[in-house]
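Student: Can you look at this prediction? I've put the sequence above it.
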Amino acid sequence: MDFLTKMALIAMLLINGARMLTVEKGLATDSSSASPHWGRLRGNAMTSITLWLATTLAGLALLNYA
């Protein structure tokens, strides 16, 4: 069960990375400080940090339960 959870977290990280790339492409065309892309980039960055932390904790749990 923990292995599948960790793989799901990694899949979510990949999806978040793809979303971040699209936001970065939007910022390449409109990088003004009033652009709504900055808020999306901030949200994606916070999601990424959360997912990395959850993946790390899931990996530690996998080691401790094995």
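Tutor: Received the coordinates, thanks. All values derive from a computational prediction rather than experimental measurement.
Student: Only C-alpha atoms from now on, for both contacts and neighbour counts.
Tutor: Will do.
Student: Just the element for the most centrally placed residue in the chain, please.
Tutor: For the chain, the residue lying nearest the average C-alpha position, counting by Cα atoms, centre = their mean, turns out to be residue 48 (2.7 Å). With the criterion set as DSSP states H and E, the secondary-structure element containing residue 48 is helix 37-65.
Student: again with residue 31
Tutor: Applying DSSP H and E as the criterion places residue 31 outside every helix and strand.
Student: give me the number of residues near it?
Tutor: Neighbourhood size, residue 31 [other Cα atoms under 10 Å]: 14.
Student: Quickly note the distance from it to residue 41.
Tutor: Taking Cα to Cα, to the nearest Å as the criterion, residue 31 is separated from residue 41 by 12 Å.
Student: same thing with residue 25?
Tutor: Between residue 25 and residue 41 the distance, using Cα to Cα, works out to 11 Å.
Student: again, but for residue 6
Tutor: The spacing between residue 6 and residue 41, counted by Cα to Cα, is 24 Å.
Student: Give me the pLDDT value at residue 31.
Tutor: On pLDDT, residue 31 comes in at 86.
Student: and if you look at residue 1?
Tutor: For residue 1, the pLDDT comes out at 57.
Student: Kind regards, and thank you for your time.
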